[in-house]
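# build me a model:
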Amino acid sequence: MNPKKVAVILSGCGFKDGAEIYEATLTLLALDEADAEVQCFAPDMPQMHVVNHLTGEEMAESRNVLVEAARLARGNIKPVTAAQVADFDALIIPGGFGAAKNLCDFAVKGSDMSVQPDVLAFAKGMHAAGKPVGFICIAPAMAPKVGGAGTQYTIGNDAGTAAAINAMGGKHVECAVDDCVVDRDRKIVTTPAYMYPARIREARAGIQKLVGAVLGMA
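The predicted structure follows:
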């Protein structure tokens, strides 16, 4: 049986301005444990801003999303523009504020957000081809833009965030940190992870279930 080929889109490195490092690592670990073939991608563009993760303060410098994400991928990463739908069986997007700042602008615009064009084109292409897409943590803010109105998703139990995503056509389902929500009609899987003040083992449990559900539909 041929291994499933999975694209993972990262949004930088560090939960305040890029990809959540634990979520990204746990996703890659779960995919490796399932013997999937993985290729990481990221937009080749400046981050929205750079945050000092020690103090939480914005820093007066500029960083590139692809260059920063390369830290997580150990250099094995390509720009999103190189991602081809025909090459992959599934797509997974870990969270971190970078997902809401760099992959889309939900952090700034809420329900008036838009998804970064290259990310949206690839994700919608995967969805249109009947291939499953997984979103972790705050990344499900993009789910209605990919799956369309009525897409079931979770960001845990945060009513305010859910209301903003529902305004875009999403249908929120409350979910524990160690579980996931599967919209089988649209082949979209979501898990809360660090939308909760989670322990790493709790985030791992939910991400493992998401990866299993995604691969099961691939």
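
# any idea how far residue 181 is from residue 127?
Computed as CB to CB, to the nearest Å, the residue 181 to residue 127 distance reads 16 Å. All C-beta atoms are positioned from the backbone trio N, CA, C, and that covers glycine.

# between the two, tell me which one has more neighbours.
Neighbour count, other CB atoms under 10 Å: between residue 181 and residue 127, residue 181 has more, with 25 against 22.

# residue 37 touches residue 8, doesn't it?
No - assessed by CB atoms under 8 Å, residue 37 is found out of contact with residue 8, at 11.1 Å.

# so those two - more neighbours on which side?
Applying other CB under 10 Å to residue 37 and residue 8 shows that residue 8 carries more neighbours, namely 26 against 14.

# could you give the bridge partners of that one?
As for beta bridges, residue 8 partners with residue 40, residue 92 under DSSP bridges.

# list the contacts of it.
Applying CB atoms under 8 Å, 6 or more residues apart in numbering to residue 8 gives the contacts 24, 27-28, 31, 38-41, 91-94.

# and residue 72, by the same measure?
Residue 72 neighbours (CB under 8 Å, 6+ apart): 10, 13, 19, 21, 24-25, 40.

# so which pair among these is furthest apart in space?
Comparing every pair within the contacts of residue 72 by CB to CB identifies 21 and 40 as the most remote, at 13.2 Å.

# who has more neighbours out of the two?
Taking other CB under 10 Å, residue 21 and residue 40 do not tie; residue 40 has more neighbours (24 against 17).

# surely the more buried one meets residue 10?
Yes - between residue 40 and residue 10 there is a contact at 5.7 Å, judged by CB under 8 Å.

# any shared contact partners between the two?
The contact sets of residue 40 and residue 10 overlap at 69, 72-73, 77 (CB under 8 Å, 6+ apart).

# looking at those residues, which one is closest to residue 197?
Once CB to CB is applied, the member of the shared contacts of residue 40 and residue 10 that ends up nearest residue 197 is residue 72, at 22.2 Å.

# what's the pLDDT at the closest one?
Residue 72 carries a pLDDT score of 97 in this model.

# make sure residue 140 is indeed in a helix.
Yes - assigned with DSSP: H, G, I helix; E, B strand; the rest coil, residue 140 falls within a helix.

# now find how far off-centre the host helix or strand of residue 164 is within its chain.
When elements are assigned from DSSP states H and E, residue 164 belongs to helix 159-166. What separates the centre of helix 159-166 from the centre of its chain is 17 Å, taken as CA atoms, centre = their mean, to the nearest Å.
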